[in-house]
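Visitor: no sequence on this one, just coordinates:
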């Protein structure tokens, strides 16, 4: 049987999936899962329709790939390629190739030089940056300190409407000393300034740029923008004016393919070259056996978490939240649902972060301890149940599969978990409006820096003023956040953030579940790939295409 599919699959309008959540279909037959069953015999791997289809395409159509163009699969079109505006993963990842930031981040998530070859801090409220000389935008215009000032002023002064503007509220003014020197003056000491000037914070646009950047992005990165068609593709090519090491790939086409099965088929046929974190675990396993494909896994920083509404009469009791943490067994989910492509999480921050602290309270699977906590909270078992909770999820198969396992595990300790699945936009709207008891989402990128503590846990950032959707409030945490925000000595800041992590591990507004690995499936005609913890597209700066394959 021969199956041929179009390279350009018609796409559905982007749903704006929140926090980088990707659909990863389950391989678990939950009818064979029994309460208390961490025994592998109670979990059954079954072929999904995706595997059946893959089995049928043994003689699928293929074509010889373009020797100069790399085809990268993305799940959705970027929402805005203006680096001052775009917040979704696809916008930020593609912007990272088109634009340069003042600073960059290394594999340990530490700040390093970018457009600025160096900087100095004469006092806690003054940062002086020295730009590389002879940098040009992709259209040949020189990039100077005037462009840097314009890029940030357009946000700070509200010339461009963007959620990123609030990030730089501590900047009082920016001045240019000469073409290669730019000075940031702060209202108060702000230790996180350097992090927020580093990629993917915000790329530098030409002086005078307004809203047209989203339609025709002009940056100074290793690639230049060619074209974009909504729900179909984005095309970029090597920037011959690039000031740094030139890219080795002539052209990259980001093909928008919303359907997971179609993504796997395009890779198998050879009409696409690469995907990252865009396939289900069973599909990755199937494609691993393909002779012309490779697969690469590296630890990642994307965090999966469960959050509670602390205004709920039941969940406001910390003993209930801790009991839920003890009732959940993460290892079977990681092993069977994610095929070991994740690692347990102990903090919102990933272990790669300089501020990460692993010496916090842990919650190993302990149903007996969970029952004792629930008893002490006054929730006695009646007719086999203590109380009901409702967990909201998206309609993505992986989310519903995960919730079904949580349902079974919580039933062991007398908690009846009702699952309500919604289309992604509706689900995220409910979450951002506090209309939930329990939900699970992912942090993508934002949790790589301790600024996440202010954004997600400070009392002042309770929705709609931030991402404190769980209505968490602890004056001690607020004080530590404010202290660490203005502390210049990183060793002192590290101690403050360690204290915050320890308090959060006790208060448990979140259950940090796991960090997802970055998994890339790619053609063997591609060489020089290196995955970083963030899972962005930086590897395309150094990758090469073998035109002979």
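Guide: Cool, got the structure. Here the structure is a predicted model, which means the values were calculated and not measured.
Visitor: three-state assignment of the nearest residue to residue 362 once chain neighbours are set aside?
Guide: In space, and not counting its chain neighbours, residue 362 is closest to residue 346: 6.5 Å by C-beta to C-beta, 6 or more residues apart in numbering. C-betas here are computed from N, CA, C, even on glycine. Classification of residue 346 using DSSP: H, G, I helix; E, B strand; the rest coil returns coil.
Visitor: now do residue 82
Guide: Secondary structure, three-state DSSP: residue 82 is coil.
Visitor: pLDDT score for the residue nearest to residue 362?
Guide: Looking at residue 346, its pLDDT stands at 94.
Visitor: give the contact list for it.
Guide: For residue 346, the contacting residues are 358, 360, 362, 505, 512, by C-beta atoms under 8 Å, 6 or more residues apart in numbering.
Visitor: change it to 7 Å
Guide: 358, 360, 362, 512 (C-beta atoms under 7 Å, 6 or more residues apart in numbering).
Visitor: the third one: neighbour count?
Guide: Burial of residue 362, expressed as a neighbour count using other C-beta atoms under 10 Å, amounts to 10.
Visitor: longest strand in this protein, by residue count?
Guide: strand 293-308 (DSSP state E).
Visitor: helices and strands around that one, which ones?
Guide: helix 281-287, strand 438-443, strand 510-523 (3 or more C-beta pairs under 7 Å, 6 or more residues apart in numbering; DSSP states H and E).
Visitor: whichever helix or strand comes after the longest one pairs with which strands?
Guide: Read it as strand 510-523. Next in sequence after strand 510-523, counting helices and strands by DSSP states H and E, comes strand 526-527. Paired neighbours of strand 526-527 in the sheet (DSSP bridges): strand 544-545 (antiparallel).
Visitor: any chance you could list what contacts the partner strand?
Guide: For strand 544-545, using C-beta under 7 Å, 6+ apart, the contacting residues are 67, 70, 248-249, 525-528.
Visitor: number of nearby residues for residue 349?
Guide: If we define neighbours as other C-beta under 10 Å, then residue 349 has 28 of them.
Visitor: chain neighbours aside, what residue packs nearest to it?
Guide: Spatially, and ignoring its direct neighbours in sequence, residue 349 is nearest to residue 356 (4.6 Å; C-beta to C-beta, 6+ apart).
Visitor: next, the contact list for the closest residue in space to residue 143 that isn't next to it in sequence, please.
Guide: Take residue 143 and drop its neighbours on the chain: the residue closest to it by C-beta to C-beta, 6+ apart is residue 135, 4.3 Å away. In this structure, residue 135 makes contact with 115, 143, 220, 243, judged by C-beta under 7 Å, 6+ apart.
Visitor: now the last one: closest residue in space that isn't a chain neighbour?
Guide: Beyond its immediate neighbours in the sequence, the residue positioned closest to residue 243 (C-beta to C-beta, 6+ apart) is residue 135, lying 4.4 Å away.
Visitor: centroid-wise, who is the farthest residue in the protein?
Guide: In terms of distance from the mean C-alpha position of the chain, residue 383 ranks first, at 42.2 Å (C-alpha atoms, centre = their mean).
Visitor: returning to that earlier point: distance check, the residue nearest to residue 243 against residue 372.
Guide: Note on residue 135: its distance to residue 372, by C-beta to C-beta, to the nearest Å, is 63 Å.
Visitor: ok, back up a step: now the residue nearest to residue 143: how far from residue 216?
Guide: 20 Å.
Visitor: tell me, how many residues neighbour residue 229?
Guide: Neighbours around residue 229, by other C-beta under 10 Å: 12.
Visitor: which pLDDT value goes with it?
Guide: 95.
Visitor: ok, which stretches of the stretch 101-250 of the chain are strands?
Guide: Assignment of strands within the stretch 101-250 of the chain using DSSP state E, counting those that start in this stretch yields the ranges 103-105, 111-113, 116-123, 126-131, 171-178, 181-186, 223-229, 233-238.
Visitor: so what touches the third one?
Guide: With contact meaning C-beta under 7 Å, 6+ apart, strand 116-123 is reached by 102-103, 127-132.
Visitor: 8 Å instead?
Guide: 102-103, 127-132, 194, 488.
Visitor: and what of the first one?
Guide: Residues outside strand 103-105 that contact it (C-beta under 8 Å, 6+ apart) are 111-116, 119, 194-195, 197-199, 448, 534.
Visitor: gap between the residue nearest the centre of the chain and residue 248?
Guide: Nearest to the mean C-alpha position of the chain, counting by C-alpha atoms, centre = their mean, stands residue 444 at 1.7 Å. Here the criterion is C-beta to C-beta. By it, residue 444 lies 28 Å from residue 248.
Visitor: repeat for residue 284
Guide: The span separating residue 284 from residue 248 equals 26 Å under the rule C-beta to C-beta.
Visitor: ok, these two, which is more surrounded?
Guide: Using other C-beta under 10 Å as the criterion, residue 284 and residue 248 rank with residue 284 on top: 21 against 15.
Visitor: and the contacts of residue 135 as a markdown table, adding neighbour count?
Guide: Compiled in a markdown table, the contacts of residue 135 are given as follows (neighbours: other C-beta atoms under 10 Å):
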| residue | neighbour count |
| --- | --- |
| 115 | 26 |
| 143 | 25 |
| 220 | 28 |
| 243 | 17 |
